[in-house]
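J.: Build the 3D model from these lines:
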Amino acid sequence: MLTAARLGAAALAAALLTGAAAVPALADTPGTGTAPGTGTAPSAAVPEGLYGKGDPTYDGVWRQSLALTALTAAQVTPADSAVAWLTGQQCADGGWPSYRADASAACDAATEDSNATAVAVQALVALGGHKEAVDKGLQWLKANQNADGSWAYNPGNPGDANSTGLAVNALLAAKTDPAGVAKAGRSAFDGLAAFQLGCAAPAEQRGGFVYQPSPDGTPAQANGLASGQASLAAAGGRLPVTSTNRTDAAPKALVCPDGAAGTAVPRADSGEAAAAYLTAQLAAGGRHLTLTLPGAAPAPDYAATAWGALGLVQGGHPQQAAGAVDWLAEEGGGWTKGGTDAAATATLLLVAQAAQRDPAAFGGTDLVKQLTALGPAPKASGGASASASAGASATAKKDEGGSLNKYWPLGIGLLIGIGGGLVLSLQRKRGAKL
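T.: Residues are numbered from 1 along each chain as shown. I've put the predicted structure just below:
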């Protein structure tokens, strides 16, 4: 997701994504950034309209896009300033960088970021009414696809599973068939398949994704974050996940007949193979995936677990995702740094929505209220929780009825049918708008 190519350190990318790398907190006062052309983050103020209080240098567009996507799915209408901040970060050629302090300065094409572009496209599709910006973003993705069908974090570098998966998500969100987006005869799905382990790998690795193939030809090992994130694309999904598919059977492990060792995982089997791998890894890891950084002890990987849960739900396996969702509800406060990390909070909200959990009581936290408080006061709040906009502005008012009242009859029915002690699940059915 973050700076793997530009900074030349996949470990740093994983640390940023999982919250292991701290970023300096900024003041609440909106600011205008630094001198034009410096490319550095503002040192004393949060840019107007941006969600979160941390230094946005590496994740400004990322966290803003996730926040806007999650809040829109929660029926919160974001402030105009929040949307304008995101659209204002887009470069003239259609791509987005991770962050640019001076949006009036020309972009450096080398710093444009496929991950930021992919999630920005998905956010603007979810918001609706931004067709021109979405179309330009898609054109940028198509122009910067590698010859093997993959995408790199920054253009001109070897592709990776995370970036390719996110690009596929963006194409699907914009109703563009990834099979028809190709370079040199290799489609986006072909690019994704290059990172998925098939019959040549040990049985316990099959279906998982490597971040990048080993350059020296040594046996590749599935990566937790790559597998979790790419699984959503393998299952044919995008953000927000609204799938109501459900397959009661466990995901099917990849079948390997004689002679299949050298072949790629077929497109038709990709999602199920990824789901089977994730299910086994979650069971072995105690309901979460694991992060291993050089020189550090293995630790729970919140981001990988969250994306893996999204992929499982999209693939029709919410029951296999349930343990991971429970774990995130119980332990997610550490990832969100007590509710101050906008990207982590938004991702948890997307998971709660996908799993049809109550976002107003996810592990005892009102995620909509928590995320709303990290940005400008919304224009309207119509659904996710009665207190979604509380604390965002002294003038912002709660919906006295709230969506809990809206779903009260459903709650009574569930409680009568299956007994007390279960958290009320609110089904979020919202189609992506162009």
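J.: what about the helices in the stretch 201-350 of the chain?
T.: In the stretch 201-350 of the chain, the helices defined using DSSP state H, counting those that start in this stretch lie at 224-234, 267-285, 302-314, 318-335, 342-354.
J.: Please disregard the earlier target; I meant the stretch 51-200 of the chain.
T.: Remark: helices assigned in the stretch 51-200 of the chain by DSSP H, counting those that start in this stretch are 60-73, 80-88, 114-127, 131-143, 161-173, 188-193.
J.: Using PDB, write out every CA atom in the first one.
T.: C-alpha atoms of helix 60-73 as PDB (Å, rounded to 0.1, in the frame of the first residue of the first chain):
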ATOM      1  CA  GLY A  60      -2.900  11.600   3.100                       C
ATOM      2  CA  VAL A  61      -4.800  10.500   0.000                       C
ATOM      3  CA  TRP A  62      -5.000   7.000   1.300                       C
ATOM      4  CA  ARG A  63      -6.700   7.800   4.500                       C
ATOM      5  CA  GLN A  64      -8.900  10.500   3.000                       C
ATOM      6  CA  SER A  65     -10.200   8.000   0.400                       C
ATOM      7  CA  LEU A  66     -10.900   5.300   2.900                       C
ATOM      8  CA  ALA A  67     -12.700   7.800   5.200                       C
ATOM      9  CA  LEU A  68     -14.900   9.200   2.400                       C
ATOM     10  CA  THR A  69     -15.700   5.700   1.200                       C
ATOM     11  CA  ALA A  70     -16.600   4.400   4.600                       C
ATOM     12  CA  LEU A  71     -18.600   7.400   5.700                       C
ATOM     13  CA  THR A  72     -20.500   7.500   2.400                       C
ATOM     14  CA  ALA A  73     -21.500   3.900   2.800                       C
END
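J.: what is the mean pLDDT for that helix?
T.: Predicted confidence along helix 60-73 averages 98 (mean pLDDT).
J.: Out of the helices of the stretch 201-350 of the chain, which gets nearest to Ala84?
T.: Among these, the nearest to Ala84 by C-beta to C-beta is helix 342-354 (17.0 Å). Quick note: C-beta positions are derived from backbone N, CA and C, even for glycine.
J.: for the record, mean pLDDT for that closest one?
T.: Helix 342-354 shows a mean pLDDT of 98.
J.: and that helix, what does it pack onto?
T.: Counting contacts by 3 or more C-beta pairs under 8 Å, 6 or more residues apart in numbering; DSSP states H and E, helix 342-354 is packed against helix 60-73, helix 302-314, helix 318-335, helix 367-372.
J.: repeat that with 10 Å
T.: When contacts are defined as 3 or more C-beta pairs under 10 Å, 6 or more residues apart in numbering; DSSP states H and E, helix 342-354 sits against helix 10-18, helix 60-73, helix 302-314, helix 318-335, helix 367-372.
J.: Make a markdown table from the helices of the stretch 51-200 of the chain and add distance to Gly286 to it.
T.: Shown next, in a markdown table, are those (distance: least, C-beta to C-beta, whole Å):
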| stretch | distance to Gly286 |
| --- | --- |
| helix 60-73 | 26 |
| helix 80-88 | 37 |
| helix 114-127 | 29 |
| helix 131-143 | 37 |
| helix 161-173 | 24 |
| helix 188-193 | 28 |
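J.: Minimum distance to Ala352: which of the ones you listed has it?
T.: Closest approach to Ala352 among those is made by helix 60-73 (9.0 Å; C-beta to C-beta).
J.: which strands and helices sit next to the closest one?
T.: strand 76-77, helix 80-88, helix 114-127, helix 342-354, helix 367-372.
J.: For Glu272, find the nearest of those.
T.: Closest approach to Glu272 among those is made by helix 342-354 (18.1 Å; C-beta to C-beta).
J.: Between helix 60-73 and that closest one, find me the angle.
T.: Counting by axes from the mean of the first three to the mean of the last three C-alpha atoms, to 10 degrees, helix 342-354 points 30 degrees away from the direction of helix 60-73.
J.: in helix 342-354, what's buried?
T.: Neighbour counts over helix 342-354 (16 or more other C-beta atoms under 10 Å) mark 342-354 as buried.
J.: Tell me which residues touch Ser243, please.
T.: Ser243 makes contacts with 235-237, 310, 313-316, 318, 354, as judged by C-beta atoms under 10 Å, 6 or more residues apart in numbering.
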